[in-house]
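Engineer: Generate a structure from the sequence data that follows.
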Amino acid sequence: MTEQMQAEIAELNLRLEEIDDPRRSYALVQERIRSYRKHGYQVPEALALMERRLAADCRLESQGR
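Structural biologist: From the prediction side, this is the model:
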């Protein structure tokens, strides 16, 4: 992973900490993943992990937990 990717992921992490709604956070992460794929880059594992974690958070919230 390049330094630029690391910086982008760190910035995204900061933005996610400010958002209370996991659905909005999940949407932002998916948007970033789509951007990487669109430009032909491999999705960084840290970003894929964030997506999985937020998907789980969304499922839990939808179940009222």
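
Engineer: Give me the below-cutoff pLDDT ranges for this protein.
Structural biologist: 65 (pLDDT under 70).

Engineer: So which residue is smack in the middle of it?
Structural biologist: Of all residues in the chain, the one closest to the mean position by C-alpha atoms, centre = their mean is Val29, 2.8 Å from it.

Engineer: need the contact list for it.
Structural biologist: 12, 16, 47, 50-51, 54 (C-beta atoms under 8 Å, 6 or more residues apart in numbering). All C-beta spots, glycine's among them, are computed from the backbone N, C-alpha and C.

Engineer: Would you mind listing which of these are buried?
Structural biologist: 12, 16, 47, 50-51, 54 (16 or more other C-beta atoms under 10 Å).

Engineer: And those, which is closest to Arg23?
Structural biologist: Arg23 lies nearest to Leu54 out of the buried ones among the contacts of Val29, by C-beta to C-beta, at 8.5 Å.
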